[in-house]
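In: this one's sequence-less:
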């Protein structure tokens, strides 16, 4: 259900459930979580690419599994989605999402948990959970940071899809391109320790006060400059 390819300083993770548009069920989530964790201590890597096989990056949570959930199993399932997204954010090196086809619901949460996003023309993005009788949760909380409060509200309240052009205009993706090759090439040109420090700071800047962010920046700068 998940493939890992390593090419020098780059690791590629592919969601590989193409017959189901890479919809996330428990088995796929477990496989993806294990794949991510297997890369944490690989000191040769500078970057990770996350992509999907087949016609879509990810069509969201598996509807058959959603329909069978009760309150207890729903809590377990949604926490597993969060754990996988959190594992992406915990990877010490940058993660690039290469998006195509459909990026829906939990699939968009996976993309939001990556550091950079590149979408092919024709990619569609949506958070349709309210139409299924549930709210958008867990890493949907990253959306206001990416696109702003109003646009995040539009996505999760209307359930309407947006195309790659609008996603780029809104800041949901950084580039429209057939692949993320150019972005990956730029990352691989960077110093690994500096990339790790920069990712750490970017996440700190999301939540910490300005004074704390600057103080941490000074310490990391001094540590790396003094190597």
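Out: Alright, I've got the coordinates. Keep in mind that this is a model prediction, so the values were computed, not measured.
In: how distant is the longest helix seen in the chain from the center of its chain?
Out: When the chain is parsed with DSSP state H, its longest helix is helix 71-90. On the basis of CA atoms, centre = their mean, to the nearest Å, the separation between the geometric centre of helix 71-90 and that of its chain is 13 Å.
In: what's the answer for stretch 22-38, then?
Out: Using CA atoms, centre = their mean, the offset of stretch 22-38 from its chain centre is 13 Å.
In: list the contacts of the following helix or strand past the longest helix of the chain.
Out: Downstream of helix 71-90, the first helix or strand assigned by DSSP states H and E is strand 95-99. With CB atoms under 8 Å, 6 or more residues apart in numbering as the test, strand 95-99 has contacts from 47-51, 57, 88, 110-111, 113-120, 123, 164, 173, 179-180, 183-184, 187. Glycine gets a C-beta too; all of them are placed from N, C-alpha and C.
In: just the buried subset of those, please.
Out: Buried residues within these, defined by neighbour count using 16 or more other CB atoms under 10 Å: 47-51, 57, 88, 110-111, 113-120, 123, 164, 173, 180, 183-184, 187.
In: the closest residue to residue 82 other than its chain neighbours: what's it in contact with?
Out: Spatial nearest neighbour of residue 82, excluding adjacent residues (CB to CB, 6 or more residues apart in numbering): residue 138 at 4.0 Å. Taking CB under 8 Å, 6+ apart, we find residue 138 in contact with 78-79, 81-82, 85, 109.
In: got the phi and psi for residue 138?
Out: Note on residue 138: backbone dihedrals following degrees, to the nearest 10 are phi 40, psi -120.
In: next secondary structure after the helix or strand where residue 196 lies?
Out: Using DSSP H and E, residue 196 sits within helix 192-207. Counting by DSSP H and E, the next helix or strand C-terminal to helix 192-207 is helix 210-225.
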